[in-house]
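Undergrad: Turn this into a model:
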Amino acid sequence: MEGKDVELCDSFEVHENLLKIVNETMPEETELYDLAELFKVFGDSTRIRILFVLFEAEVCVCDLAKALNMTQSAISHQLRILKQSKLVKNRREGKSIFYSLADDHVRTIIAQGREHIEED
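TA: So this is what the prediction gives:
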């Protein structure tokens, strides 16, 4: 909102009927906190880049490091955060650990975000 002021009401009038609906539908504080924490995970461009790689294929840390031109250690750190947030899952195959998106919700969240930023 650069250069735009937020418009305010000309008079103070509380709309009780609307507040009643809001109060009845507002999630618990713990749920709001958990949701805010989830969105913080999306606030890192490296994690977003990892998720985009995982959109295309299930890959191991070595593949991610090569694809994103990063160290395996840096990738592992970000994968740990993504896994704790239940955004990615992994499976072992021999000596390799392959990572993939946890479910279609992850794809939907990113797609919705992209749609939003591309709006006029």
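Undergrad: quick one, helices of this protein?
TA: 16-25, 29-41, 45-56, 61-68, 72-84, 104-117 (DSSP state H).
Undergrad: For K4, which of the ones you listed is the nearest?
TA: Closest approach to K4 among the helices of the chain (Cβ to Cβ): helix 104-117, 18.0 Å. Where you see a C-beta, it was placed from the backbone N, CA and C, and this is true even at glycine.
Undergrad: now for the helices of the chain, which one comes closest to G94?
TA: The closest of the helices of the chain to G94 is helix 61-68. By Cβ to Cβ, the value is 12.9 Å.
Undergrad: what are the C-alpha coordinates of the closest one, in PDB please?
TA: Taking Å, rounded to 0.1, in the frame of the first residue of the first chain, the C-alpha atoms of helix 61-68 are listed here in PDB:
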ATOM      1  CA  VAL A  61      19.400 -34.200  -0.900                       C
ATOM      2  CA  CYS A  62      22.200 -34.600  -3.500                       C
ATOM      3  CA  ASP A  63      19.800 -33.800  -6.300                       C
ATOM      4  CA  LEU A  64      18.400 -30.800  -4.500                       C
ATOM      5  CA  ALA A  65      21.900 -29.400  -3.700                       C
ATOM      6  CA  LYS A  66      22.900 -29.700  -7.300                       C
ATOM      7  CA  ALA A  67      19.600 -28.300  -8.700                       C
ATOM      8  CA  LEU A  68      19.700 -25.300  -6.400                       C
END
